[in-house]
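Asker: sequence? don't have it. structure:
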């Protein structure tokens, strides 16, 4: 039943379509599964589909000269699409990798455009998603600049406690810009 479907619940809460449009939209997505460590998106790829994470954990990161910097983590019930790449048909600068086995649903850009041409809510969806991306990026950049790693860790503890159970410590350390050893010391001080 759609009332228990994560994608339905996401849209019903965040973007109230008319019920017929929402059911039609959800039923056009294709279910895909990926294994732990599979790449979902690589630098230089151009995003061509909407991707909604039903189950599992995905990390998003930058990579250059053999170095990686985690910039975000996605857990179930969220879109993991690089909307900037999708909207501008431009190559992404990000990588995405499965930290666990995942299940996601995808919808081609072509099918999404067909849907948004029939229903006006599609523009609202894109506008709202872009605003959230901008707001999240601004907050993240500000926090990375102004807060200490310990303060950033406390923010995760308060706002995203599920990260502490789902994401390996060395990935969290990369996100915080510190070594795993430093993160261990912070965790010991806080406990």
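Answerer: Noted; the coordinates are in hand. Fair warning: this is a prediction, and the values are worked out from it, not measured in the lab.
Asker: For the chain, give me the ranges with low pLDDT.
Answerer: By pLDDT under 70, the low-scoring segments of the chain are 1-3, 15-21, 120-123, 126.
Asker: now for the longest helix along it, which elements pack on it?
Answerer: Counting residues, the longest helix in the chain under DSSP state H turns out to be helix 121-146. Packing partners of helix 121-146 (3 or more Cβ pairs under 8 Å, 6 or more residues apart in numbering; DSSP states H and E): helix 83-88, helix 109-118, helix 149-159. The way it works is simple: take the backbone N, C-alpha and C, and place the C-beta from them, glycine included.
Asker: Buried residues, the first one. List them.
Answerer: Okay, so that is helix 83-88. In terms of neighbour count (16 or more other Cβ atoms under 10 Å), helix 83-88 has its buried residues at 83-86.
Asker: Name the residues that touch that helix?
Answerer: Counting by Cβ atoms under 8 Å, 6 or more residues apart in numbering, helix 83-88 makes contact with 45-50, 90-92, 109, 126, 129-130, 133, all of which sit outside it.
Asker: Show me how to select, in ChimeraX, the buried members of these.
Answerer: Selecting only the buried entries of the contacts of helix 83-88 in ChimeraX, with 16+ other Cβ under 10 Å as the criterion:
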select :45,47,49,50,92,109,129
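Asker: from the contacts of helix 83-88, which single one is nearest residue 168?
Answerer: Taking Cβ to Cβ as the measure, residue 92 is the one of the contacts of helix 83-88 closest to residue 168, at 23.5 Å.
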